[in-house]
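Participant: Could you look at this predicted model? Sequence included:
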Amino acid sequence: MCAEACPPGALSFDTEHGWTPVGSWNQAGHQEWFEDSRKCRTYWHEKAGTNCGICFSVCPFSKMGKSFVHRLIQMQIATVPAADDLTRNLDDAFGYGVQKDPETWWQLDLPEMGIDTHKGQ
């Protein structure tokens, strides 16, 4: 889900973690899904103008403390890879993997710095 949502394609679609780092910033000598930080940071700078965070918002493991069900799903993801497709489809069905339109947020009329100066008048 994270790799699918990453606009610059900085995350791996590999089904197994590997030994080969993407760049010198990745720590060699262990297996993991190495990210391409250059692609990520370039996207931040050129497109987003700030940090992106889309991968974090769609990640099933970022739903910490939301409910007991999420803990069960995290255990299932870690121990039963055969059910990953089902879990991913359920995540989408419940709307967790859907990214909200950032333009909608910018159009909100929110109080500056979270302080509503008109409240109570």
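Facilitator: In hand now; what should we look at?
Participant: show me what contacts D84?
Facilitator: I77 (C-beta atoms under 8 Å, 6 or more residues apart in numbering). All C-beta atoms are positioned from the backbone trio N, CA, C, and that covers glycine.
Participant: Check whether F13 sits in a helix, strand or coil.
Facilitator: Under DSSP: H, G, I helix; E, B strand; the rest coil, F13 falls in the coil class.
Participant: Tell me how far it lies from H45.
Facilitator: Taking C-beta to C-beta, to the nearest Å as the criterion, F13 is separated from H45 by 24 Å.
Participant: and the helix ranked longest in the chain, what other elements does it pack with?
Facilitator: Ordering each helix of the chain by length in residues (DSSP state H) puts helix 68-79 first. Counting contacts by 3 or more C-beta pairs under 8 Å, 6 or more residues apart in numbering; DSSP states H and E, helix 68-79 packs against helix 84-93.
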